[in-house]
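Undergrad: make a model of this:
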Amino acid sequence: MSYSLDRKLLSVYIFLDLFKMQTKLPMNEVKAKKTQDKRVRKLVKKAYEIPFYKKRFDSVGIKPEDIKEAKDLAKLPLLTKDELREWMNEEDKKGIYSDWYHDKTSGSTGNPLMLLISPKEKAYNMANWFRVMLLCGYNPFFGKTMSPVSTHSQSGTQKTILQKFGILRREFLNNNLPESEIVEHINSYKPDFLYTNKSTLLKIALYVKNSGAELHKPKWFCPTGEKLDENSKKLLREVFGENLIDSYGTTETGAVLTRFNDNESYITNTDSFAVNIYGDDGKLSDEGKIVITPLYCTDLPIINYVIGDRVKSENIDGTQRITEIQGRMNDYFKHSDGSVTTYFEINKMLGEFDDVIQLRFIQKSFDSVTVQCVKNNENNTSKEEIERYLDTELNKRFKERINLSFEWMDSIPPDVNGKLRVIVCEV
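TA: Numbers count the residues shown, from 1 in each chain. Sure, this is the predicted structure:
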């Protein structure tokens, strides 16, 4: 069957893939682990036939039969974004992928990455996102979804035949419109499920809170593209409602982890992904950098992909579960002795502090940090009191004294890529 025909059958493949996935909680973890192990073995067998991966396997003396389960993937080299970008560009030069999807990342860590995805694997990626919706109780087939206009995905703005018949209905949201027009669009469409990047949702929330505008509250909403800090969660829930879906993934991988409301840990889509955590010593650990392998990508695999984020995990009911996502590994405060203060170490304190509703820290030198703040005007605490509190409490957690200067704002603008990092270290 040709890839051209596969593209035409995209909706059919989505349904077939979704039918095979677990879409209800609690999930059968024993069944998911068996599926994961089977797919890991299939993946490495196919990958070894590809020159790019054969070279990587051989460089560490590993054969496909040495890999039997997810943790065994740690025997193989890690895959960086630069390596993946270079390989994808080389593959694209072959001119045999005209009917594949050529998706692009947002470029949040530098140059955008072009990703080649076969139509069937694109369908699986999309089905996996619908699975997230079903797990939270939303039916994407008959409900109304509102999502951003995608400039990165070739399928992001296409309406299928099914959507024209009222199935998988979706309206596109232009994040670049003024806040008042975005609110008007949401109120007009009244989506059941709203998802877009966190910065846009925060921009809308601040506008609604400050202007008193009425906003339709969806049954579920999902901020994407950036990690969620506690202050952001509070503001978003106040404006959009309680059913917040915290989904973690990337353009390259798809939706890997999901946390519903305030559950103690994330659910890992184990049947579709292998997730390992590497400590600073390069060994598997409970805390460190997250490394992801999409098991459904076998045409052009992505094995041991280093996302660039740090996570924490705990053993819950005999299973390693991710409980915190810090975000980009450079999102920490650096000190002159080489030590760092991570977001984990200040997150709880910030989450208990509701006098500000947005914060960003910009570290210019070892002893100097600019704190951008948006005040919660519903509280009577003065800006001077807030500054004293933050200076005292943050310096209790820093490894050495840092001088804080404050910049008060109505809203904090996102970075050029549309995202908003909480800690920007320029040291």
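Undergrad: wait, residue 231 touches residue 355, no?
TA: No. Judged on CB atoms under 8 Å, residue 231 makes no contact with residue 355 at a distance of 9.8 Å. The C-beta positions use only the backbone N, C-alpha and C, and glycine is treated the same way.
Undergrad: which of those two has more neighbours?
TA: Comparing residue 231 with residue 355 by other CB atoms under 10 Å, the one with more neighbours is residue 231, at 22 against 19.
Undergrad: is residue 130 in a helix, a strand, or coil?
TA: State at residue 130, reduced to three classes by DSSP: H, G, I helix; E, B strand; the rest coil: helix.
Undergrad: not counting residues beside it along the chain, what's closest to it?
TA: Nearest residue to residue 130, sequence neighbours excluded (CB to CB, 6 or more residues apart in numbering): residue 140, at 4.8 Å.
Undergrad: just list the residues touching that neighbour, thanks.
TA: 130, 133-134, 168, 193 (CB atoms under 8 Å, 6 or more residues apart in numbering).
Undergrad: given the helix or strand encompassing residue 326, what are its sheet partners and their directions?
TA: In the assignment (DSSP states H and E), residue 326 maps to strand 319-328. Applying DSSP bridges, strand 319-328 is found paired with strand 305-316 (antiparallel).
Undergrad: and stretch 173-182, average pLDDT?
TA: The average pLDDT for stretch 173-182 rounds to 85.
Undergrad: could you list the residues in contact with the strand holding residue 326?
TA: Applying CB under 8 Å, 6+ apart, the contact partners of strand 319-328 are 29, 109, 226-227, 248, 257, 264-266, 268, 275, 277, 286, 290, 308-315, 332, 342-344, 347, 421-423.
Undergrad: CA atoms only: put it into PDB for me.
TA: C-alpha atoms of strand 319-328 as PDB (Å, rounded to 0.1, in the frame of the first residue of the first chain):
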ATOM      1  CA  THR A 319       5.800   1.100  40.000                       C
ATOM      2  CA  GLN A 320       8.200   4.000  39.300                       C
ATOM      3  CA  ARG A 321       5.900   7.000  38.700                       C
ATOM      4  CA  ILE A 322       7.000  10.500  37.700                       C
ATOM      5  CA  THR A 323       5.800  13.000  40.300                       C
ATOM      6  CA  GLU A 324       7.400  16.200  39.200                       C
ATOM      7  CA  ILE A 325       8.600  17.700  36.000                       C
ATOM      8  CA  GLN A 326      11.100  20.500  36.400                       C
ATOM      9  CA  GLY A 327      11.400  21.600  32.800                       C
ATOM     10  CA  ARG A 328      14.500  22.400  30.800                       C
END
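Undergrad: how far does stretch 285-305 stretch from start to finish?
TA: By CA to CA, to the nearest Å, the extent of stretch 285-305 from end to end equals 16 Å.
Undergrad: low pLDDT regions in the stretch 251-400 of the chain?
TA: 327-331, 344, 348, 351 (pLDDT under 70).
Undergrad: please redo it, this time with the cut-off set to 80
TA: Residue ranges of the stretch 251-400 of the chain with pLDDT under 80: 261-262, 317-318, 326-332, 338-340, 342-345, 347-354.
Undergrad: now the host helix or strand of residue 235: buried residues?
TA: Residue 235 belongs to helix 230-240 when assigned by DSSP H and E. By neighbour count with 16 or more other CB atoms under 10 Å, helix 230-240 contains the buried residues 231-233, 235-237, 239-240.
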